[in-house]
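[1] no sequence for this one, just the structure:
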């Protein structure tokens with residue numbers, strides 16, 4: 001399928017268990033707990049231009065944000081363009097993360113070090 005001008009596509013990749021090895025959520029190769037961003041304007045998906053890990057050796061170039069536990073739903077605020085991410089907490093808190101429209105990606109939302117209230 002070929003498309004002409006399409007915005008990048010975002011996908012979440014949930015870390016669905018609390019039994020993951022320490023720091024796996026922030027390891028730049030593993031996809032658990034990450035928000036991924038792709039360019040789908042051609043016949044095959046590829047990393048979107050400007051993804052923060054494209055030129056980092058050993059990192060997955062599709063990662064847009066990390067440090068999420070279980071990003072089960074996300075959307076863009078229609079009035080601001082900010083990215084809003086609903087993230088399931090581990091034991092006590094759920095959280096909603098906001099990434100400003102002007103973000104260049106690469107945010108670490110801090111799970112497993114912190115959760116919920118901030």
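    Everything's here; your move. Everything numeric in this text was worked out from a predicted model, so none of it was measured. Numbers count the residues shown, from 1 in each chain.
[2] For the protein, which segments count as strands?
    9-13, 34-39, 46-47, 63-65, 71-76, 83-87, 95-99 (DSSP state E).
[3] Other residues contacting the third one?
    With contacts defined as CB atoms under 8 Å, 6 or more residues apart in numbering, strand 46-47 is touched by 37-39, 54, 61-62. Placement of C-beta: from N, CA and C, glycine included.
[4] Between all of the residues you listed, which two are at the greatest distance?
    The distance between the two most remote of those (CB to CB) is 11.9 Å, for 38 and 54.
[5] just to revisit the earlier point, out of the strands of the chain, nearest to residue 108?
    Distance to residue 108, taken as CB to CB, is lowest for strand 63-65 among these, at 7.7 Å.
[6] Give the other helices and strands that the closest one contacts.
    The criterion is 3 or more CB pairs under 8 Å, 6 or more residues apart in numbering; DSSP states H and E, and the helices and strands that strand 63-65 contacts are strand 34-39.
[7] hmm, try it at 10 Å
    For strand 63-65, the contact count by 3 or more CB pairs under 10 Å, 6 or more residues apart in numbering; DSSP states H and E identifies strand 9-13, strand 34-39, strand 83-87, strand 95-99 as packing neighbours.
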